[in-house]
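Colleague: can't give you the sequence, but here's the structure:
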């Protein structure tokens with residue numbers, strides 16, 4: 001049976017009625033190399049963080065962009081908002097949601113028997129993505145979306161100074177926590193525990 005783990009295709013044998021992890025644990029080989037293989041296999045299963053690995057799928061990326069577009073169209077449909085205000089509110093709503101979900105909320109909302117939650121209950125979703133590796137495709141995508149949204153908003157607001165400042169501040173609140181230097185760091189002790 002073929003499974004995809006972190007973009008790599010690996011063959012995992014599954015006999016009827018058994019899981020690969022159960023087969024690894026019940027192996028009768030007690031040599032040091034077999035023990036090392038078992039530990040590496042268990043570690044591979046434990047690194048599938050259900051809180052973060054779903055973000056690696058292209059379907060999650062499409063859904064993320066579709067939600068931004070749906071938010072913008074909903075705000076644009078309201079007659080009391082002009083185009084410039086609708087774009088700015090789209091950026092502000094996106095910025096608040098992204099900061100809250102990716103950089104403020106910590107822990108594991110999903111229960112999993114294959115993942116040890118003790119190692120991630122103090123980490124945000126951004127810190128859990130791809131086991132903390134920087135510049136992966138998912139992280140690049142999540143950095144580029146606020147930048148592209150900022151460029152679109154600046155264009156549609158005709159670079160008016162008040163809208164520009166509001167949108168620039170929102171952009172900085174989304175990009176600064178994503179910097180590799182700030183990985184696992186809390187500014188001023190905010191959200192430390």
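Modeller: Yep, that arrived. All of these numbers come straight from a predicted model, not from anything done at the bench. Residues are numbered from 1 along each chain as shown.
Colleague: would you map the strands across the protein?
Modeller: Per DSSP state E, the chain carries strands over the ranges 2-5, 8-11.
Colleague: any low-confidence regions in this protein?
Modeller: Along the chain, segments meeting pLDDT under 70 span 1-50, 108-120, 187-193.
Colleague: burial measure for residue 73, as a count.
Modeller: 11 (other C-beta atoms under 10 Å). To be clear about C-beta, it is placed using only N, CA and C from the backbone, and glycine gets the same treatment.
Colleague: for the closest residue to residue 81 other than its chain neighbours, what are its contacts?
Modeller: Leaving aside its sequence neighbours, residue 81 sits nearest to residue 75 (C-beta to C-beta, 6 or more residues apart in numbering; 5.9 Å). With contacts defined as C-beta atoms under 8 Å, 6 or more residues apart in numbering, residue 75 is in contact with 81, 86, 89, 90, 93.
Colleague: next, work out how far apart residue 75 and residue 162 are.
Modeller: 18 Å (C-beta to C-beta, to the nearest Å).
Colleague: and stretch 163-183, which residues are buried?
Modeller: Buried residues in stretch 163-183, counted by 16 or more other C-beta atoms under 10 Å: 163, 164, 166, 167, 170, 171, 174, 177, 178.
Colleague: and the first one, what does it touch?
Modeller: By that I understand residue 163. Contacts of residue 163 by C-beta under 8 Å, 6+ apart are 84, 88, 153, 154, 157.
Colleague: and the residues you listed, which is closest to residue 98?
Modeller: residue 153 (14.2 Å; C-beta to C-beta).
Colleague: picking that back up, make CSV out of the contacts of residue 75 and add neighbour count and distance to residue 52.
Modeller: Compiled in CSV, these are given as follows (neighbours: other C-beta atoms under 10 Å; distance: C-beta to C-beta, whole Å):
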residue, neighbour count, distance to residue 52
81, 14, 35
86, 21, 32
89, 19, 29
90, 24, 26
93, 16, 23
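Colleague: going by distance to residue 55, which of the residues you listed wins?
Modeller: residue 93 (19.7 Å).
Colleague: give the contact list for that closest one.
Modeller: 71, 75.
Colleague: in the chain, which spans are helices?
Modeller: For the chain, helices defined by DSSP state H occupy the ranges 20-25, 32-46, 58-76, 83-98, 125-128, 137-156, 161-175.
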